[in-house]
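Asks: only geometry, no sequence info:
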């Protein structure tokens, strides 16, 4: 009898659990679907608003390099170029520094240093971008001017270091972006390194590895996917950063290889011209730039997925997604 | 002291009670009774410092009217007025005929004050103000004059030792009424500029670096030896930037000041009787500073709400009279005498269901 009662009770409990489970499942599914709806709506709305330029310039829009609101001539190439160039420059500067900092904080730092420095790194991520921009205008740009002059004199034969040293330009933008993405790459990489099981390291030490060998081999191999993820997160922030870049990049639609040349990015031109855009074609051209920026973000994420997947195949078990 | 402020707050509380007592619940509201009205506007950022001063002063003079304003840019203001999200718009450039015909109703332009654009520069050696004329300024912005010791600049500045420095050209990167005025001037004095670049809030600059906002341009100019740029007159004055004297059509080199800006507007009063949407750049008036322009409030001629319409008309009347006193300290030039009468006539033309919103009044 008591057995029957218990079975009945647990059965009732099961039924109730099923109901709450179902509510929970549908509820969370709704939230997940909402994300998809938002993205689809975004793409739809951007495409709809960009229709005039899509029809007018066709497929040439992303590679046309003229931007002339007065004569209704628009092209996205300088902005695409500026966005990709400045973001890659930022990665080039930030990735080695961030990885070095992450390894130090995760593996080598004494505990009394580890916590305050980690806290400060996370604090850097919380500084609003306009503050970085103002610092860029008032401190970084004037400091860069003589440096650029010096580089231009010594290394002016390289296309990277040609042109007048304004201070404002690609180099300033790349540096500001690098500083802005440093904390996110550092913080995430540090977490990933800390998540590597102790057994991995201990096995390496047992085989007689040095500290460096243990890091380079098992630890990095284990953490590879996570670190790539951290870099992609940083790249995402660099691609979309608006205020700070606008304030230091010089806002000139050019496609120069030089680090000294003023340039322009997609988010910057949106921030600069959208409020006062006049004429349908101008607004539509800005919308198409937004659509392109959206496309670049999707593409970068797809490449990141692919990279993670190919890295995951060679990784030890447990790392794969 | 304490007692006085206490009494004041009691008095203001009483006023509040009085005002709310006259609200919709308190019987049929007549136009003479004060009623809490809130008006919203949006548009140009160039006159925003003056407008926000006006709104707070007017609220002090007429406590029942509360005005809020978003300085989202002229383009945004026109858009918001078009969809009737706001009661009035504000723009540095008047509506073109095409824009005006796209609006759902007849839009009245009320010029409120006159603004000017100052050419600012940083030349370490030169003590006197640099003198420029239209062709020289255009050549600098076209990238044809590249150094300060260019003979074309030396001719304009006898006795000034111009340094052998490259010219760093700075311009606004964000679309703005300031750029509109500046490029309108260059287009007015140079056919080449008019053809190659044109006049607009954003243009395809042949040379130079773009800074965001007045502060972006001023920042570049202040930091780079040999830089030249353009900012609003008020901004140049407040930040004590060196401004260039420009040669006007009458041949005089004029400093950008409030009186020289008003002088540019005064010459245009005759033309404004038919249409207030006049350009006053490169004004032929003697003593006129050549880069100046009116900034406008935009309202529908037919108002859709009697109370709000009356409050709006009342504010406009105040703005073009009493409000003018606040312009000079903030670096804007007050309207010339003749424009006042033109504005008064326009405000009297505002109607609700065919009835004028304000009574006839002597100027």
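Replies: Ah, there it is. As the structure is a computational prediction, the values presented were derived from the model and not from experiment.
Asks: only C-alpha atoms from now on, for both contacts and neighbour counts.
Replies: Fine.
Asks: surely residue B:69 is in a strand?
Replies: Yes: under DSSP: H, G, I helix; E, B strand; the rest coil, residue B:69 falls within a strand.
Asks: tell me where chain A is predicted with low confidence.
Replies: A:1-17, A:312-321 (pLDDT under 70).
Asks: need the residues of the stretch 51-200 of chain A near chain B, please.
Replies: The stretch 51-200 of chain A comes close to chain B at residues A:67-70, A:137-138, A:142, A:166, A:168, as judged by Cα under 8 Å from any Cα of the partner chain.
Asks: what about 10 Å?
Replies: With Cα under 10 Å from any Cα of the partner chain as the criterion, the stretch 51-200 of chain A comes near chain B at residues A:66-71, A:73, A:134, A:137-138, A:141-142, A:145, A:164-169.
Asks: next step: those restricted to helices.
Replies: A:134, A:141-142, A:145 (DSSP state H).
Asks: how about the helix or strand harbouring residue A:118: buried residues?
Replies: Using DSSP states H and E, residue A:118 falls within helix A:111-125. Residues of helix A:111-125 classed as buried: A:118, A:121-122, A:125 (neighbour count, 16 or more other Cα atoms under 10 Å in any protein chain shown).
Asks: swap in stretch A:126-142?
Replies: A:129, A:132-137, A:140-142.
Asks: run through who's touching that stretch.
Replies: A:120, A:143-144, A:147, A:166-169, A:171-173, A:175-177, A:179-180, A:183-184, A:241-249, B:211, B:216, B:219-220, B:223-224 (Cα atoms under 10 Å, 6 or more residues apart in numbering or on different chains).
Asks: give the buried subset of those as a PyMOL selection command.
Replies: Buried members of those, defined by 16+ other Cα under 10 Å, are picked up in PyMOL with:
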select buried, (chain A and resi 144+166+167+168+169+171+172+173+175+176+177+179+180+183+184+241+242+243+244+245+246+247+248+249) or (chain B and resi 211+216+219+220+223+224)
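Asks: and the helices in the stretch 101-250 of chain B?
Replies: B:134-142, B:151-156, B:177-189, B:191-196, B:213-223, B:233-238 (DSSP state H, counting those that start in this stretch).
Asks: give me whichever of those is most buried.
Replies: helix B:177-189 (a mean of 24; mean count of other Cα atoms under 10 Å in any protein chain shown).
Asks: anything in that one near chain A?
Replies: Yes: applying Cα under 10 Å from any Cα, one finds helix B:177-189 in contact with chain A at residue B:177.
Asks: quick one: mean pLDDT over that helix.
Replies: Summarised as a single mean, pLDDT over helix B:177-189 is 93.
Asks: that helix: how far from the chain's middle?
Replies: Distance of helix B:177-189 from its chain centroid, counting by Cα atoms, centre = their mean, to the nearest Å, is 14 Å.
Asks: against residue A:212, how distant is residue A:302?
Replies: 33 Å (Cα to Cα, to the nearest Å).
Asks: ok, the two, which is more surrounded?
Replies: residue A:302 (12 against 9; other Cα atoms under 10 Å in any protein chain shown).
Asks: does the more buried one sit in a helix, a strand or a coil?
Replies: helix.
Asks: doesn't residue A:214 make contact with residue A:220?
Replies: Yes: with contact defined as Cα atoms under 10 Å, residue A:220 reaches residue A:214; the gap is 8.6 Å.
Asks: ok, residue B:41 to residue B:348 distance?
Replies: Noted for residue B:41: a distance of 20 Å to residue B:348, by Cα to Cα.
Asks: out of those two, which sits in the more crowded spot?
Replies: Under the criterion of other Cα under 10 Å, the comparison of residue B:41 against residue B:348 puts residue B:41 first, with 21 against 17.
Asks: part of a helix, is that one?
Replies: No: read with three-state DSSP, residue B:41 is strand and lies in no helix.
Asks: correct me if wrong: residue B:109 contacts residue B:316.
Replies: No: at 11.2 Å, residue B:109 and residue B:316 do not qualify as touching, with contact defined as Cα under 10 Å.
Asks: shared neighbours of those two, anything?
Replies: With Cα under 10 Å, 6+ apart, residue B:109 and residue B:316 have common neighbours B:297, B:299, B:343, B:347.
Asks: pull the most distant pair out of these.
Replies: B:299 and B:343 (12.3 Å; Cα to Cα).
Asks: shared neighbours of the two, anything?
Replies: B:108-110, B:316.
Asks: strands - which of those residues land there?
Replies: Under the assignment DSSP state E, the shared contacts of residue B:299 and residue B:343 contribute B:108-110 to strands.
Asks: ok, residue B:109 and residue B:316, which is more surrounded?
Replies: Counted by other Cα under 10 Å, residue B:109 and residue B:316 do not tie: residue B:109 has more neighbours, with 24 against 19.
Asks: so how far is chain A from the more buried one?
Replies: 18 Å (Cα to the nearest Cα, to the nearest Å).
Asks: if I pick the residue nearest to that residue when sequence neighbours are not counted, what's in contact with it?
Replies: The shortest distance from residue B:109 to any non-neighbouring residue, by Cα to Cα, 6 or more residues apart in numbering or on different chains, is to residue B:298 (5.0 Å). Contacts for residue B:298 (Cα under 10 Å, 6+ apart) come out as B:41-43, B:77-78, B:81, B:87-91, B:94-95, B:106-111.
Asks: taking the stretch 151-300 of chain B, what residue is nearest to chain A?
Replies: residue B:174 (4.0 Å; Cα to the nearest Cα).
Asks: number of nearby residues for that residue?
Replies: The burial count for residue B:174: 29, using other Cα under 10 Å.
Asks: would you confirm that it contacts residue A:252?
Replies: No: the pair residue B:174 and residue A:252 does not pass the contact test of Cα under 10 Å, sitting 11.2 Å apart.
Asks: any common contacting residues for these two?
Replies: With Cα under 10 Å, 6+ apart, residue B:174 and residue A:252 have common neighbours A:269, B:210-211.
Asks: of those, closest to residue B:60?
Replies: Looking across the shared contacts of residue B:174 and residue A:252 and measuring by Cα to Cα, the closest to residue B:60 is residue B:211, at 37.3 Å.
Asks: the closest one reaches residue A:243, doesn't it?
Replies: No: Residue B:211 is not in contact with residue A:243 according to Cα under 10 Å; the separation is 11.7 Å.
Asks: common neighbours of the two, please.
Replies: In contact with both residue B:211 and residue A:243: residue A:272, using Cα under 10 Å, 6+ apart.
Asks: which one of residue B:299 and residue B:343 is surrounded by more residues?
Replies: The neighbour count for residue B:299 versus residue B:343, taken as other Cα under 10 Å, is higher for residue B:299 (26 against 21).
Asks: that one looks like it's in a strand, true?
Replies: Yes: according to three-state DSSP, the state of residue B:299 is that of a strand.
Asks: identify the bridge partners of it.
Replies: When assigned by DSSP bridges, residue B:299 has beta-bridge partners residue B:108.
Asks: is it true that it touches residue B:89?
Replies: Yes: with contact defined as Cα under 10 Å, residue B:299 reaches residue B:89; the gap is 6.6 Å.
Asks: which parts of chain B belong to which domain?
Replies: Chain B breaks down by automatic domain parsing into domains covering B:4-113+B:294-356, B:116-292.
Asks: quick revisit: anything in contact with each of residue B:299 and residue B:89?
Replies: With Cα under 10 Å, 6+ apart as the test, residue B:299 and residue B:89 both reach B:41, B:81, B:107, B:109.
Asks: so for the first one, what's the pLDDT?
Replies: Meaning residue B:41. Residue B:41 carries a pLDDT value of 94.
Asks: would you mind measuring from it to residue B:82?
Replies: Residue B:41 sits 12 Å away from residue B:82, going by Cα to Cα.
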